[in-house]
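Engineer: Here you go, sequence then predicted model.
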There are 2 protein chains.
Amino acid sequence: MFKPPLRILMGPGPSDVYPQVLTALGQPTIGHLDPSFIVLMEEVKDLLRYALQTKNPLTFPISGPGSAGMECCIVNLVEPGDKVVVMINGVFGARMAELVKRVGGKLIPIQETWGRPNDPQKLEKIFKKHSDIKLTCMVHAETSTGVLSDIRALAKISRAHDALVLVDAVTSLAGNELRVDEWGIDALYSGTQKCLSCVPGLSPVTFNEKAMQKIKKRKTPVPSWFFDLNLIMDYWQADEGARSYHHTAPVNSIYALHTALCLLKKEGLENSWRRHQENHDYLKTHLEKRGIAFLVAEKARLPQLNAVLIPAAYDDQRTRAILLEKYHLEIGAGLGELAGKIWRVGLMGHSCNKENIDILLYALAGIV
Amino acid sequence: MFKPPLRILMGPGPSDVYPQVLTALGQPTIGHLDPSFIVLMEEVKDLLRYALQTKNPLTFPISGPGSAGMECCIVNLVEPGDKVVVMINGVFGARMAELVKRVGGKLIPIQETWGRPNDPQKLEKIFKKHSDIKLTCMVHAETSTGVLSDIRALAKISRAHDALVLVDAVTSLAGNELRVDEWGIDALYSGTQKCLSCVPGLSPVTFNEKAMQKIKKRKTPVPSWFFDLNLIMDYWQADEGARSYHHTAPVNSIYALHTALCLLKKEGLENSWRRHQENHDYLKTHLEKRGIAFLVAEKARLPQLNAVLIPAAYDDQRTRAILLEKYHLEIGAGLGELAGKIWRVGLMGHSCNKENIDILLYALAGIV
């Protein structure tokens, strides 16, 4: 059997998984139509509604990682010819844009400098220039750059122009304030391996009634079978006893998600947001003492994903290799245009604590 | 934490997961780009090549269940306007046909009575009637009906007419003789939760050079980002050190798959095929003694999925409920047009042993 090496996961995700979640994961598998599994599914849906602050009935985990959740949302919500705005300030916005094109949407991109938040004024301008925009897509916490965008403000603009709002909350769930109903988010996908500290492989999604109506009224079939919500709903959403088979749910991963969500509820959602912020403040104070600077302006920084400029004294690859081999610490490299320029230091979920930060600071001091 | 009830899984899958596989699953999560995870990925690919009897370099698990593997194969291999033959003798053939239509393929269906194997003569006729068929799709072990089709014969016909061969081996892998290279299969997807007795959530796939060329020479982009093999290959197939991020792999599920494949290799592939056949023979002998008949003619029966006609003395739902509640035994209901008419008794992987069969026979005797 594979024995994974000792690691402290302080990269862009996965984060260290809670021991209780690993224990739940390893429980014996039961059938995906077993009556007791169906009870568990209902609990998972309720717990997700709490984590996302929504009352949407259609709230459940897609059987695939965050990018599967992204694809599920876009293939269902976008029809060929639909005008779709995608706000791009990093890798994940760019990925949404690519997907919109692949499903035949008319892409209206709003480019932002990497490292900056998506700009409400640019969104306002786009709505003045274009009519009949059907959907606006935006990333809440851009994992490639460590930037938080103001979803509440962006969603408000989009809704004022009758466009649906789709949010990528892969990294923000449980790490940043996020209120689906209050902020007017129509559809959202997330991930389990970031601030929830569950194993990778599931993508929680939620859709409100407006989003569901858009999907139900499509003129063309969803160009996917695996992601077709009309079909998936018959499994996740049907009345007791009437559930029909769509695909075999990843039973054990759902045990794990259930436990991770119970731990979040026990801590309290706002306490979890606060813990991420407090540990970020601690890291920031100590990095600044050493003259290590952040890529992102202070007010748009993600507490759980710290994009720091690699100091001249450090070699990127060598430093990350020493951290991993000698200190068992994983931090993340830069992606795309930021490769070689930044490190991404994750403080997510179970990994987000002062002890880990102290080890990182000690290790970094020992390398130069 | 959710404590699953005691179950013996003798339905259409998932099967009982090997305890060693559950232990592997619950090991601490490491990063999906960790050097030691990359070593594990290479071992998994090698073990899958053994399990599938292929030398194809592109052999790896898709991060989703069997239906995700199906979708991955079809969205990559079918371009709009391509003539595609789909042989339909149950739920899963019908699903492939639906997918071919959704991606714009020109579907040429070959319908077969449910409960019968796909017919080589019908395939020959179709090739006489149509020219320029690009792809033939067929299910090896049809889980909805318990039927085995002769893939070797079907693939030979398809190749003689220069059409690629795509095989659904979700239920057959490790349960029936299956030789990808020798039989001339160009692309194949499978599942982990059937005769491998691993957890659900991954779909092993393999593509040979001809299939890869078809994908590389596409005139239109793959209408999916998550399933685009051109992108996935940069993660699963790149040289050491050059792997690039596509999506976060389900790290723990891959630990589990690795262990399940090691157990298969230890048992020996042909021994595994033989064990499934021998236990089926044992079940058959005892069912026949009680006058319980099979849906499928003897020579096309799947040893690992026994579709039996529900005897008049038994009420379908009540019997399955008693088996589950009193004897902790899960057996499968009929699907689609076979609902209420058959039971599907699985003898897959770790669930495939005489002790389980004896419990089932004892329990069935106690119900009427």
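Structural biologist: Here it is on my side, so go on. Residues are numbered from 1 along each chain as shown, chains lettered A, B, ... in the order given.
Engineer: in the least confident helix or strand in chain A by mean pLDDT, what counts as buried?
Structural biologist: Every helix and strand of chain A was ranked by mean pLDDT, DSSP states H and E. The lowest is helix A:229-236, at a mean of 89. Of all the residues in helix A:229-236, those buried under the rule 16 or more other C-beta atoms under 10 Å in any protein chain shown are A:229, A:231, A:232, A:233, A:235, A:236. All C-beta spots, glycine's among them, are computed from the backbone N, C-alpha and C.
Engineer: what's the spacing between residue A:346 and chain B?
Structural biologist: Using C-beta to the nearest C-beta, to the nearest Å, we find residue A:346 at a distance of 10 Å from chain B.
Engineer: I'd guessed that residue sits against residue A:14; true?
Structural biologist: No. If you go by C-beta atoms under 8 Å, residue A:346 and residue A:14 don't touch, sitting 9.2 Å apart.
Engineer: Need the overlap of contacts for the two.
Structural biologist: residue A:194 (C-beta atoms under 8 Å, 6 or more residues apart in numbering or on different chains).
Engineer: Helices of chain A, residue ranges please.
Structural biologist: Applying DSSP state H to chain A gives helices spanning A:19-25, A:35-52, A:66-77, A:91-102, A:120-129, A:151-160, A:180-183, A:209-216, A:229-236, A:251-267, A:269-289, A:316-327, A:354-367.
Engineer: Pick out the shakiest of those helices, pLDDT-wise.
Structural biologist: The weakest mean pLDDT among the helices of chain A belongs to helix A:229-236, with a mean of 89.
Engineer: what angle do that one and helix A:66-77 make?
Structural biologist: Helix A:229-236 runs at 120 degrees relative to helix A:66-77, counting by axes from the mean of the first three to the mean of the last three C-alpha atoms, to 10 degrees.
Engineer: Please state the offset of helix A:229-236 from the chain centre?
Structural biologist: In terms of C-alpha atoms, centre = their mean, to the nearest Å, the centre of helix A:229-236 is found 22 Å from the chain centre.
Engineer: So which other helices or strands are in contact with it?
Structural biologist: Using 3 or more C-beta pairs under 8 Å, 6 or more residues apart in numbering or on different chains; DSSP states H and E, the elements in contact with helix A:229-236 are strand A:58-62, helix A:209-216.
Engineer: at 10 Å what do you get?
Structural biologist: helix A:35-52, strand A:58-62, helix A:66-77, strand A:203-207, helix A:209-216 (3 or more C-beta pairs under 10 Å, 6 or more residues apart in numbering or on different chains; DSSP states H and E).
Engineer: And these: which comes nearest chain B?
Structural biologist: Closest of the helices and strands packed on helix A:229-236 to chain B is helix A:66-77, at 4.1 Å (criterion: C-beta to the nearest C-beta).
Engineer: The closest one and chain B, are they touching?
Structural biologist: Yes. Helix A:66-77 lies within reach of chain B by C-beta under 10 Å from any C-beta of the partner chain, at A:66, A:67, A:68, A:69, A:70, A:71, A:72, A:74, A:75.
Engineer: got the contact list for the fourth one?
Structural biologist: Contacts for residue A:69 (C-beta atoms under 10 Å, 6 or more residues apart in numbering or on different chains) come out as A:61-63, A:168-170, A:188-192, A:202-205, A:227, B:226.
Engineer: Next, the contact list for residue A:31, please.
Structural biologist: Residue A:31 sits next to A:37-38, A:248-249, A:251, B:4, B:7, B:9-15, B:200, B:324, B:330-332 when contact means C-beta under 10 Å, 6+ apart.
Engineer: Check the gap between residue A:82 and chain B for me.
Structural biologist: Taking C-beta to the nearest C-beta, one finds residue A:82 at 15 Å from chain B.
Engineer: Surely that residue touches residue A:214?
Structural biologist: Yes. Using C-beta atoms under 10 Å, residue A:82 is in contact with residue A:214, at 9.4 Å.
Engineer: Quick check: beta-bridge partners of residue A:346?
Structural biologist: residue A:305 (DSSP bridges).
Engineer: what's the burial count for residue A:129?
Structural biologist: Residue A:129: 9 surrounding residues under other C-beta atoms under 10 Å in any protein chain shown.
Engineer: go on, residue A:83?
Structural biologist: Close neighbours of residue A:83, defined as other C-beta under 10 Å, add up to 18.
Engineer: One more: residue A:269?
Structural biologist: Other residues close to residue A:269 by other C-beta under 10 Å number 18.
Engineer: Relative to residue B:45, which of the helices and strands packed on helix A:229-236 is closest?
Structural biologist: helix A:66-77 (21.1 Å; C-beta to C-beta).
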